[in-house]
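Peer 1: need the 3D shape of this:
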Amino acid sequence: MSDDLVCVGGISGSYGVHGELRVKSFCAEPEAIETYSPLTREDGSDSFHLSIIRPVKNGFVVRIAEVATKEAADALKGTQLFARREQLPSLPDDEYYYSDLVGLTVSDTGGTVLGTVKTVQNHGAADLLEVLLPSSSATVLIPFTMAAIPTVDLESGRIVADPPEGLF
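Peer 2: This is a model prediction of the structure:
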């Protein structure tokens, strides 16, 4: 993924027969996804000018100017929507875009490398860092809390973790 693009949502499928789409927003303020238009695919292709019509369970019904038929809407199901980083608001010191964390090296407080961040997940309760163990395909989930992750240093590309006992 390009460093200047951040995933802000995804198309879940069509909605109705007039080309509307169901979109899930990954933004802290879900309706803010509309303000980041035009959105693109991950490779920067296709430009989507998005307008929210109304909220629905788990997202919004939207109209994308470039989509006029149900068939065109169906073809976009599963498409992730990306905004240019300069369109997004700057964050406070203790907040991060998920895409900035992926690929960072995770070390314990003694300096031992635990792995690298594979993904950031949120299943409703809190954010979790999925850490890919060194020389392995196995992963471990670490809670992304101040207690478990006391330091995130984006400039040096590292995270210092103090994981719960027995996690590694």
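
Peer 1: what about stretch 18-26, distance to the chain center?
Peer 2: Between the mean C-alpha point of stretch 18-26 and the mean C-alpha point of its chain there is a distance of 17 Å (Cα atoms, centre = their mean, to the nearest Å).

Peer 1: for P163, give me its contacts.
Peer 2: For P163, the contacting residues are 108, 114, 140, 142, 148, taking Cβ atoms under 8 Å, 6 or more residues apart in numbering as the criterion. All C-beta spots, glycine's among them, are computed from the backbone N, C-alpha and C.

Peer 1: so where do the strands sit in this protein?
Peer 2: 5-15, 20-25, 39-40, 47-48, 50-56, 59-64, 80-84, 105-108, 113-122, 127-132, 139-143, 151-153, 158-161 (DSSP state E).

Peer 1: and those strands: which comes nearest L167?
Peer 2: strand 139-143 (6.1 Å; Cβ to Cβ).

Peer 1: what helices or strands is that closest one leaning on?
Peer 2: Judged by 3 or more Cβ pairs under 8 Å, 6 or more residues apart in numbering; DSSP states H and E, the packing partners of strand 139-143 are strand 113-122, strand 127-132.

Peer 1: redo those strands as CSV? Include mean pLDDT.
Peer 2: Rendered in CSV, the data for the helices and strands packed on strand 139-143 read as follows (pLDDT from 0 to 100):
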stretch, mean pLDDT
strand 113-122, 93
strand 127-132, 94
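
Peer 1: hmm, back to that, out of the contacts of P163, which are buried?
Peer 2: Buried residues within these, defined by neighbour count using 16 or more other Cβ atoms under 10 Å: 114, 140, 142, 148.

Peer 1: can you list the domains in this structure?
Peer 2: Structurally, the chain divides into domains by automatic domain parsing as follows: 5-87, 98-161.

Peer 1: could those domains go into JSON lines alongside distance to F168?
Peer 2: Putting the domains of the chain into JSON lines (distance: least, Cβ to Cβ, whole Å) gives the following:
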{"stretch": "domain 5-87", "distance to F168": "28"}
{"stretch": "domain 98-161", "distance to F168": "6"}
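
Peer 1: OK, contacts around V120?
Peer 2: For V120, the set of contacting residues under the criterion of Cβ under 8 Å, 6+ apart consists of 98, 101-102, 127-130, 144.

Peer 1: right, I'll call it a day here.
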